[in-house]
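Trainee: below is the structure, and that's it, no one-letter string:
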């Protein structure tokens with residue numbers, strides 16, 4: 001479906017108008033900061049409202065891309081400006097546009113230094129995130145995929161904690177080095193096919209030998225982004241040093257770029273290699289689920305504990321994707337959206353108490369429920385959603401992944417299920433230490449209750465997590481035909497290769 005007007009381009013680049021307005025703001029530092037917050041919030045909020053039309057106008061029964069826009073970029077080269085969405089990309093675009101204004105609200109009081117620059121970085125980051133999910137040209141995808149690094153590097157390096165420079169460079173170098181190999185593979189694909197158009201590349205039959213090397217090149221980039229064990233070590237440092245809103249976007253959206261890459265490139269373009277490397281992916285994912293869950297149990301820093309839990313949850317995602325089953329892939333997609341909401345909320349939970357006591361050490365708290373009962377209720381709900389409580393979005397994704405994993409391998413499903421038990425252990429331990437008990441420390445008793453701004457962040461996140469848990473068809477129906485199409489193409493390619501052998 002070709003859109004009659006360039007809605008995707010507008011949604012993608014609209015935040016840049018906010019950047020322009022921010023650069024024109026004049027006055028003293030305090031007025032610049034106040035006006036910058038308002039401009040960034042209004043622009044990102046309007047971008048989200050406009051992006052909702054993508055959901056309203058999306059027809060889930062159409063197989064293929066919708067709201068397509070295409071124009072020659074480099075004439076005669078096979079490289080074009082090509083945007084479009086399907087049941088895989090559209091939920092991620094909505095997730096990015098939804099979390100951006102919430103992240104700006106989360107920074108309302110905590111960011112006082114160079115607030116305008118901070119808001120500019122967030123709006124540019126939104127452009128890169130939406131552009132990456134909407135791109136149907138491989139070169140465009142790569143530019144947006146790597147462009148995300150720049151604003152996030154600045155957000156961590158300028159407004160992060162004491163070790164922010166180290167964490168920012170570690171984040172940048174880890175993710176950039178993996179992407180260099182992906183770029184080499186993209187050049188090989190372009191030379192073989194003569195185009196960078198993603199639908200055309202997905203329809204091209206690469207030989208199994210070529211698929212082997214191309215898969216590894218893309219895997220080097222996507223595995224770091226997910227992140228998979230053992231290339232996950234940049235994530236805890238980045239989360240601990242990032243400001244609260246940076247962690248919300250990093251966990252909520254940026255970690256999903258790797259999973260999206262597997263679904264957009266690895267499965268449809270390299271089905272033979274995906275099947276061949278699936279056992280290897282299962283091993284790495286199970287190690288991630290079990291090992292990082294045990295590491296989370298040993299943490300004394302709240303942010304670091306939640307960061308390691310993200311690695312474990314993303315291990316479920318990679319297991320689901322490479323089961324090569326409809327239930328597994330749908331579960332992985334659902335888990336990514338659910339984790340995006342829940343992890344953003346959990347990092348905001350840490351930010352709320354950090355803004356009051358300026359420490360993330362678990363031992364510094366205890367009895368928070370006495371001073372902040374509403375906060376304790378929101379924290380409990382998100383903690384239970386994180387461990388997969390039935391009735392929350394976390395349950396649906398994990399169960400679908402386990403069903404797909406059981407179909408692929410009983411042992412994979414059994415070992416992955418241990419992550420549910422370990423997850424309950426470290427999240428309940430965290431909640432008990434922070435919220436329950438008697439509030440004996442005077443600084444804890446003096447903590448201010450949630451204000452209206454903080455409640456405005458928690459409420460929409462809570463509603464969505466509950467809605468997707470009770471009525472998962474809202475999301476599953478959107479992606480059903482796209483997932484079936486991916487599976488049909490993968491099965492077709494595998495059967496053709498089997499006949500050829």
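Mentor: That came through, no problem. What you see is a predicted model, and the numbers here were worked out from it, not measured in a lab.
Trainee: quick one, what contacts the nearest residue to residue 243 once chain neighbours are set aside?
Mentor: Spatial nearest neighbour of residue 243, excluding adjacent residues (CB to CB, 6 or more residues apart in numbering): residue 159 at 4.8 Å. Using the backbone N, CA and C atoms, a C-beta is placed for each residue, glycine as well. Residues in contact with residue 159 (CB atoms under 8 Å, 6 or more residues apart in numbering) are 111, 113, 114, 118, 243, 246.
Trainee: can you say which of those are buried?
Mentor: Buried subset of the contacts of residue 159 (neighbour count, 16 or more other CB atoms under 10 Å): 111, 114, 118, 243, 246.
Trainee: just put those in a markdown table and tack on secondary structure.
Mentor: A markdown table is the format used below for these (DSSP: H, G, I helix; E, B strand; the rest coil):
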| residue | secondary structure |
| --- | --- |
| 111 | coil |
| 114 | coil |
| 118 | helix |
| 243 | coil |
| 246 | helix |
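Trainee: now these as a markdown table including distance to residue 58 and pLDDT?
Mentor: As requested, these are exported to a markdown table (distance: CB to CB, whole Å; pLDDT from 0 to 100):
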| residue | distance to residue 58 | pLDDT |
| --- | --- | --- |
| 111 | 35 | 81 |
| 114 | 39 | 86 |
| 118 | 33 | 91 |
| 243 | 33 | 90 |
| 246 | 30 | 89 |
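Trainee: the residues you listed: which two are farthest apart?
Mentor: Greatest spacing in those, by CB to CB: 114 and 246 (14.2 Å).
Trainee: where does the chain have low pLDDT?
Mentor: 1-4, 439, 491-501 (pLDDT under 70).
Trainee: pull the longest helix from it.
Mentor: Assignment by DSSP state H gives helix 326-357 as the longest helix of the chain.
Trainee: which one is residue 125 nearest to, not counting chain neighbours?
Mentor: Nearest to residue 125 is residue 151, by CB to CB, 6+ apart, at 4.0 Å.
Trainee: do the same with residue 262
Mentor: In space, and not counting its chain neighbours, residue 262 is closest to residue 321: 5.1 Å by CB to CB, 6+ apart.
Trainee: contacting residues for that neighbour?
Mentor: 259, 262, 263, 267, 281, 328, 329, 332.
Trainee: relative to residue 365, how far out is it?
Mentor: 37 Å (CB to CB, to the nearest Å).
Trainee: now swap in residue 416 and tell me
Mentor: Relative to residue 365, and taking CB to CB, residue 416 is found at 32 Å.
Trainee: please say which of these two ends up with more neighbours.
Mentor: residue 416 (25 against 22; other CB atoms under 10 Å).
Trainee: in which helix or strand does that one reside?
Mentor: helix 410-435 (DSSP states H and E).
Trainee: buried stuff in the longest strand along the chain?
Mentor: What stands out as the longest strand in the chain, according to DSSP state E, is strand 66-74. Within strand 66-74, the residues scored as buried using 16+ other CB under 10 Å are 66, 67, 68, 69.
Trainee: elements contacting it?
Mentor: helix 7-13, strand 79-85 (3 or more CB pairs under 8 Å, 6 or more residues apart in numbering; DSSP states H and E).
Trainee: between that strand and strand 79-85, how big is the angle?
Mentor: Interaxial angle of strand 66-74 relative to strand 79-85 (axes from the mean of the first three to the mean of the last three CA atoms, to 10 degrees): 170 degrees.
Trainee: show residues contacting strand 66-74.
Mentor: With CB under 8 Å, 6+ apart, strand 66-74 has contacts from 1-3, 6-9, 54, 57-59, 79-86, 136-137.
Trainee: let's see 7 Å
Mentor: 1-3, 6-9, 54, 58-59, 79-86 (CB atoms under 7 Å, 6 or more residues apart in numbering).
Trainee: buried subset of these, written for ChimeraX?
Mentor: Applying 16+ other CB under 10 Å to the contacts of strand 66-74, the buried members can be selected in ChimeraX as follows:
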select :3,7,8,9,54,58,79,80,81,82,83,84,85,86
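Trainee: what ranges do the helices span in the stretch 351-500 of the chain?
Mentor: Using DSSP state H, counting those that start in this stretch, the helices of the stretch 351-500 of the chain run over 368-371, 373-386, 393-408, 410-435, 442-445, 452-470, 473-500.
Trainee: ignore what I typed, I meant the stretch 101-250 of the chain.
Mentor: Using DSSP H, counting those that start in this stretch, helices in the stretch 101-250 of the chain cover 115-134, 138-147, 149-159, 164-193, 198-203, 208-225, 234-241, 244-249.
Trainee: adding distance to residue 39, write those helices out as JSON lines.
Mentor: Formatted as JSON lines, the helices of the stretch 101-250 of the chain follow (distance: least, CB to CB, whole Å):
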{"stretch": "helix 115-134", "distance to residue 39": "7"}
{"stretch": "helix 138-147", "distance to residue 39": "22"}
{"stretch": "helix 149-159", "distance to residue 39": "17"}
{"stretch": "helix 164-193", "distance to residue 39": "25"}
{"stretch": "helix 198-203", "distance to residue 39": "34"}
{"stretch": "helix 208-225", "distance to residue 39": "30"}
{"stretch": "helix 234-241", "distance to residue 39": "27"}
{"stretch": "helix 244-249", "distance to residue 39": "16"}
